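**Student:** I'd like to go over a predicted model; first the sequence, then the structure.
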Amino acid sequence: MSKIAILVDSSNNLTPAELTELSVFSVNAPILAGEHVYHENIDWPTQEAFFDFQRSSEDVLTTSQVEPGVWLTKFDEIAEQGYTDVIVVSLSSAISGTFSTLEGLAETVTNINVHPWDSLIAAAGAGNQARLAATMANAGHSLDKIFAQLTILRESTKVLFVVDDVRHLQRTGRISNGAAFLGSLLNIKPMLTFDAEGKIVAIGKERQMKRAWASIQRSFATVMETNQTPIRISLIDSNNPKLADQWAAEITAQYQDQVIVERGPIGQFISVHTGEKALGFIWAIDWKTLI
């Protein structure tokens, strides 16, 4: 009989309490400053500590994949606990080589069946897929059923996010069409999304966060005009909590029991790319209805 584990890296933003409650395994994603390797949630215990470091660092921060050896060690740990299979929920393959690395490792691991899952998104969008997978695995569902429900959730997941400065995404190569904005971005708030292939693409620009939020609200209102399913919204921020709380309160007041609104951070690893003050608005079918 199969016993299924769920594994994520820390960019999925599951809290320590959730990792324990859902029995999810995790590895910490590396952040680089010059020759020094740091790790999300280890070297900076709070978001504020991370952003203080990012602002003061003489070296520009970048990110790297989790090393193959770290994955292999974690696979061994999971296998030793009696699991036969592990689903690894990965960052979008269009912005990270992690999924490709996991596919390669899956072919070499013999003590457990490794199943990489491409979330086609990041942060809370990937985190909700991990939450669904873990809840279903804990309830005894089969691999086929878990992947079927993950597909539904992934296809329903959409995101609009606003960054204070697009240069972080351009510098780290995570934006696909950012060149169109070069030379015209001074004091502009770029609006971005993940496309169907999981790439980050620029879709607009506003001069103020207030106008960006109005644009997001208009886009979401169009969705809600025809929506027939429970919606879960993740409103996440990169050290911009007061504004994110305001947006969350406004969207909750507007739609009340039609939506579930959750708040959380973008996370240190992803914030290397978004920069400080970014906000993300992620919505999808409420994953709890898919269990």
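**Tutor:** In hand now; what should we look at? Numbers count the residues shown, from 1 in each chain.
**Student:** going forward, measure contacts and count neighbours with C-alpha atoms only.
**Tutor:** Fine.
**Student:** If you count residues, where's the longest helix of this protein?
**Tutor:** In the chain, taking DSSP state H as the definition, the longest helix is helix 209-226.
**Student:** Can you name every helix or strand that that helix contacts?
**Tutor:** strand 158-162, strand 189-194 (3 or more C-alpha pairs under 8 Å, 6 or more residues apart in numbering; DSSP states H and E).
**Student:** Show me what the shortest one is in contact with.
**Tutor:** Yep, that's strand 158-162 we're talking about. 189-194, 209, 212, 216, 278-284 (C-alpha atoms under 8 Å, 6 or more residues apart in numbering).
**Student:** Provide a list of residues in contact with Ile42.
**Tutor:** Asn28.
**Student:** In terms of helices and strands, where is it?
**Tutor:** Ile42 belongs to no helix or strand when elements are defined using DSSP states H and E.
**Student:** How about Val261?
**Tutor:** strand 259-265.
**Student:** Can you get me the centre-to-centre distance for that strand and its chain?
**Tutor:** Distance of strand 259-265 from the chain centroid (C-alpha atoms, centre = their mean, to the nearest Å) equals 13 Å.
**Student:** just to revisit the earlier point, worst mean pLDDT among the helices and strands packed on helix 209-226?
**Tutor:** Lowest mean pLDDT within those: strand 189-194, at a mean of 89.
**Student:** Report the backbone C-alpha coordinates of it in CSV.
**Tutor:** Only the C-alpha atoms of strand 189-194 are listed here, as CSV (Å, rounded to 0.1, in the frame of the first residue of the first chain):
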residue,chain,number,x,y,z
LYS,A,189,4.3,50.6,-10.8
PRO,A,190,4.5,47.7,-13.2
MET,A,191,1.6,45.2,-13.2
LEU,A,192,2.5,41.6,-13.9
THR,A,193,1.0,38.1,-14.0
PHE,A,194,2.0,34.5,-14.7
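**Student:** got the contact list for that strand?
**Tutor:** Against strand 189-194 from outside (C-alpha under 8 Å, 6+ apart): 120-121, 158-166, 200-209, 212.
**Student:** Okay, now the sheet partners of it, with direction.
**Tutor:** strand 158-162 (antiparallel), strand 200-206 (antiparallel) (DSSP bridges).
**Student:** quick one: it to helix 209-226, angle?
**Tutor:** 30 degrees (axes from the mean of the first three to the mean of the last three C-alpha atoms, to 10 degrees).
**Student:** about what we covered before: so which of the helices and strands packed on helix 209-226 is nearest Ser100?
**Tutor:** The minimum distance between Ser100 and the helices and strands packed on helix 209-226 falls on strand 189-194, with 18.6 Å, by C-alpha to C-alpha.
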